[in-house]
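>>> Fold the following, please.
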Amino acid sequence: VFTAGLDLAEMGDIVANTPSDFGRAAWDRKQTIQEYQDSFTAIENCPKPVLVAIHGACIGAGVDMVTACDIRFCTKDAFFSVKEVDVGLAADVGTLQRLPKVIKSESLVRELCFTARKLKSEEAGTCGLVSRVFPDRKQMVASALSMAKVISEKSPIAVQGTKLALIFSRDHSVKEGLEWIKIWNMSMLATEDIPKAVGGFMTKQKPLFSKL
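Just a heads-up that it's a prediction; the model follows:
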């Protein structure tokens, strides 16, 4: 199991231990939901690319988490379920906001969110929720670590700038995205990483970049 989803006992405590005043109870729940949302948004806000390797069940909050990651791998036995409707609530910490950006079929997104049905690995690969499906966990983790190593050897200015640009462009128009990257690169093009990268390409030697 990758994630089993919401802790129903904890959810019961949250509901039971709220103030009797309706307004204050609502305020408390708002703060709790915000904390949960922030915990997953922190993954997306990490300037470094985040890879996730999923095996077995990825249920409820697990979908919230993996949709906040940059690159998703899974094993053949993995499955995904937006389970919140089965416990009487609308998902509120990221799935309903990020899944439609990851899976381009609005019909499929709504089907998954309305029915809580299992999305198996093959379909997850076909619809774009994951980029690769592996026979077993060992191969998946090895490939994820290998890819992480490849990314880590690139210019951190280039990689982290690329991530920030992709996230901004996802939520804005093409025109706004072009304006953002123009302003970003008018300063970042002065980095030492560009001559290092070009020099490495010309000499066929791997460049070493300074950490940020």
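
>>> next one: phi and psi at residue 206?
Reported as degrees, to the nearest 10, the phi and psi values for residue 206 are phi -70, psi 120.

>>> How many residues are close by it?
Burial of residue 206 is recorded as 7 neighbouring residues (other C-beta atoms under 10 Å). From N, CA and C alone the C-beta is placed, and that goes for glycine too.

>>> Report pLDDT for it.
Reported pLDDT at residue 206 in the predicted model: 92.

>>> for it, what are its contacts?
153, 200 (C-beta atoms under 8 Å, 6 or more residues apart in numbering).

>>> what's the spacing between it and residue 124?
34 Å (C-beta to C-beta, to the nearest Å).

>>> tell me the strands in the chain, going along the chain?
Counting by DSSP state E, the chain has these strands, from start to end: 51-54, 57-59, 71-75, 79-81, 119-120, 132-134.

>>> Just put those in a markdown table and tack on mean pLDDT, distance to residue 158 and mean neighbour count.
Shown next, in a markdown table, are the strands of the chain (pLDDT from 0 to 100; distance: least, C-beta to C-beta, whole Å; neighbours: other C-beta atoms under 10 Å):
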| stretch | mean pLDDT | distance to residue 158 | mean neighbour count |
| --- | --- | --- | --- |
| strand 51-54 | 98 | 17 | 22 |
| strand 57-59 | 97 | 31 | 23 |
| strand 71-75 | 98 | 16 | 23 |
| strand 79-81 | 98 | 31 | 22 |
| strand 119-120 | 98 | 33 | 18 |
| strand 132-134 | 98 | 23 | 19 |
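
>>> now the ones you listed as CSV including distance to residue 35?
Formatted as CSV, the strands of the chain follow (distance: least, C-beta to C-beta, whole Å):
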stretch, distance to residue 35
strand 51-54, 21
strand 57-59, 20
strand 71-75, 24
strand 79-81, 23
strand 119-120, 27
strand 132-134, 32
